[in-house]
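> sequence first, predicted coordinates after that:
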Amino acid sequence: MDVNKEHIEPQNGGIDDDILIVLELPENDHLFEKKKKLLQDIGHDPKGHVTLKSSSTPDQLKPILEIMLQRARIINLDEIDLYFGGTDVSNFLSFSSPKNELEALNLALKNIDYSICSCKPKTVNVLQALHDATVNLIHDFGKKFGEETRVFTDSSCEKEKALLQWGKSNGIDTKLEIAYVEGAGRGAIAREDLNAGDIALEIPESLLISEKLVHESEMFPLLEKIEGILPETMLLLWSMKEKHNCNSKFKLYFDTLPLEFNTGLSFKVNAFMALDGTSLLEEIVDAKEHLRTQYEELFPLLCHKHPDVFPPDFYTWEQFLWTCELWYSNSMKVMFNDGKLMTCLIPVAGFLNHSTCPHIMHYGKLDPVTNSLKFPLSRPCHAGEECFLSYGSFSSSHLLTFYGFLPRRDNPYDVIPLDIDIALVEDCEDGELKCDWNSQMVRGSWFANNHGIFNYGLPPPLLDHLRKTKSSTLQKENQVRDKLEIELEILGDLCSTSEGMLETIGGTDFDDRETSSWDVKLALDFKDLQRRIISSVIESCNAGRKLLESELGKSTLQQGNGDILS
Ligand SMILES: C[S@@+](CC[C@H](N)C(=O)[O-])C[C@H]1O[C@@H](n2cnc3c(N)ncnc32)[C@H](O)[C@@H]1O
């Protein structure tokens, strides 16, 4: 890989006028080895710096920023990025997903700003120019990938306004207001233009609903005696009662909660029928059965034993399920200053909707100085625009089951696992057959950058795995032809597997989606998504087969010519 080596210095390198910007791959990254290898493949030291000169012109800064971003992209890769990118570093040097790109841009900006704080006066200008160039890239990124929402400004949000007012008088600082938005209930809207780095919302610790509240309640002495009960379950039981408490500190918060959550856990029979043929059907049934078992382990026993603490009317199965949906769809994990990670409900922050291209990505750790939870922006949000959060790197099946929606944009985490026995291949061969991945999967091949021969827009680890299962049949005499034949076989097998999956899901449902109930509509949309993913894999297999057949044709021609010549 051709890289401009003059910009990459060892850690203690550099002369007086050089500015060294640290972009280190943390050693505690659980994917350290894989990322280190990728960085080394482009000639980067994982601990290295990117160097620029105080005399650098804007034209010279451009390639330096690109090198910083290449490093930052690799540093921010997650498992899914790594699986679908394979081991060829060229797949990671440019854009690979909105989340990765935004993380990379923000890491670069953070390190540039850090350098500005500690630099010599004569280097401020060049660093400021680099800062501005990065901010411009973040801005362009938002314009290209951000979601547009229709905000219903005329809708009444009296309860939400009351909550916001209560929050402000109790220490919440916010640049957001609440309004109804198309297709997602309420959302948080920027009141003014906000830039990357601005804090959109800040909540004091005292307003977080966490297990600390259970400890202070009359329930705790009874709950702590239950063997194996989790803090989350205690909190769930506490909130089932607290929402009926007229004197609750959080009454205005509970008042804003919807009567129904409409997640996959509330699907009715018709929606389950619509999901037939998908693995999601089983996932939802299992999740619901798990909750039912949990409920039956506690109730009606607790109500019989302590009716004053657990009034039977508050602890029905329906209310238990509603509260589970509340916690699944509205809670956030927060790291407290004592290092404890706790699941919390967070008034006002609970109005933030999710996007695959969010404004807010990093939250969830209390600021030790202010003892508050801050929601900083990773990209600008203009006045009147909906401000989105990242709920996490979730698949659409997870979002449907536990949150009740499907993202509008293509979701890189929508993977379909393949039923391929990895262990079998590992066991039957010697040490060379090392498998880096515990399972194989596919996703929409539209995400792939490389659709050429031997890549086909399909996951490299999957192709490698399939090749290994076939490689014993490779003949020495005619390696090129055999290799192409094996590739054809692999694509043929993958195509048949995918066609089988498509058949299991069934053809397009001719339905009137507009008049369907919310759950049937979601189920049908999910099925369409699965079909689209599998069809893209089939298309890639077929396009790959055409490439291979053309190559085989050429090799036959060459062989023919060779025979004539000999
Ligand atoms: C934390 S709440 C966000 C506030 C919520 N919209 C409300 O009105 O209460 C999470 C819920 O918002 C909805 N939601 C979040 N992001 C969404 C999106 N991108 N599209 C549709 N609905 C979304 C889902 O119903 C989800 O369960």
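In hand now; what should we look at? Note that the structure is a prediction, hence the values are computed from the model and not measured.

> for F254, give me its contacts.
By CB atoms under 8 Å, 6 or more residues apart in numbering, the contact set of F254 is E242, K243, S248. All C-beta atoms are positioned from the backbone trio N, CA, C, and that covers glycine.

> looking at those residues, state which has the most neighbours.
Counting neighbours by other CB atoms under 10 Å, E242 comes out on top of these with 21 neighbours.

> ok, L352 to E282 distance?
Using CB to CB, to the nearest Å, one gets 31 Å for the distance from L352 to E282.

> more crowded one of these two?
L352 (28 against 10).

> can you pull the phi/psi pair for that one?
phi -80, psi 130 (degrees, to the nearest 10).

> separation between it and the ligand?
Distance, L352 to the ligand, using CB to the nearest ligand atom, to the nearest Å: 6 Å.

> who's in contact with the closest residue to M335 other than its chain neighbours?
The shortest distance from M335 to any non-neighbouring residue, by CB to CB, 6 or more residues apart in numbering, is to K365 (4.4 Å). K365 makes contact with V334, M335, L373, according to CB under 8 Å, 6+ apart.

> ok, L77 next?
L31, K34, K35, L38, G85, F92, S96, N100.

> using the three-state scheme, assign it.
coil (DSSP: H, G, I helix; E, B strand; the rest coil).

> any stretches of the stretch 1-150 of the chain with poor pLDDT?
Flagging of the stretch 1-150 of the chain using pLDDT under 70 yields the residue ranges 1-16.

> give me that answer again for 90
The stretch 1-150 of the chain contains residues with pLDDT under 90 at 1-20, 22, 47-54, 56, 58, 96, 118-123.

> rewinding a little: return the member of the contacts of L77 nearest to E211.
For the contacts of L77, the residue nearest E211 by CB to CB is L31; the value is 31.3 Å.

> dump the residue contacts of that closest one.
L31 touches L77, D78, E79, L82, counting by CB under 8 Å, 6+ apart.

> what number of residues lie near the third one?
Spelled out, it's E79. Neighbours of E79 (other CB under 10 Å): 12.

> how near is it to the ligand?
Separation of E79 from the ligand (CB to the nearest ligand atom): 23 Å.

> excluding residues flanking it in the chain, which one is nearest that residue?
Nearest in space to E79, with sequence neighbours left out and distances taken as CB to CB, 6+ apart, is L31 at 6.9 Å.

> rewinding a little: which one (most neighbours) among the contacts of K365?
That'd be L373 among the contacts of K365, by other CB under 10 Å, with 24 neighbours.

> next, it: secondary structure please.
Per three-state DSSP, L373 ends up strand.

> from what I see, it and V348 are in contact.
No - L373 is beyond contact range of V348, at 10.5 Å (criterion: CB atoms under 8 Å).

> please enumerate the shared neighbours of these two.
I203.

> surely E489 is within a helix?
Yes - assessed by three-state DSSP, E489 belongs to a helix.

> counting neighbours, what do you get for the closest residue to it other than its chain neighbours?
Nearest residue to E489 in three dimensions, chain neighbours excluded: K470, at 6.3 Å (CB to CB, 6+ apart). For K470, the count of nearby residues is 16 (other CB under 10 Å).

> so what's the model's average confidence on the helix or strand hosting K470?
Using DSSP states H and E, the element containing K470 is helix 460-470. The pLDDT scores in helix 460-470 average 92.

> so what does it touch, helix or strand wise?
With contacts taken as 3 or more CB pairs under 8 Å, 6 or more residues apart in numbering; DSSP states H and E, helix 460-470 sits against helix 79-85, helix 422-428, strand 440-442, helix 479-505.

> so what's D255 up against?
K159, A162, L163.

> and the gap between it and L176?
19 Å.

> returning to what we had before: and which of the contacts of L31 is nearest the ligand?
Distance to the ligand across those (CB to the nearest ligand atom) is lowest for D78, with 20.2 Å.

> count of neighbours near the closest one?
For D78, using other CB under 10 Å, the count is 15.

> next, count neighbours for the nearest residue to it once chain neighbours are set aside.
Excluding the flanking residues, the one nearest D78 by CB to CB, 6+ apart is S393, at 6.3 Å. If you count neighbours by other CB under 10 Å, S393 ends up with 16.
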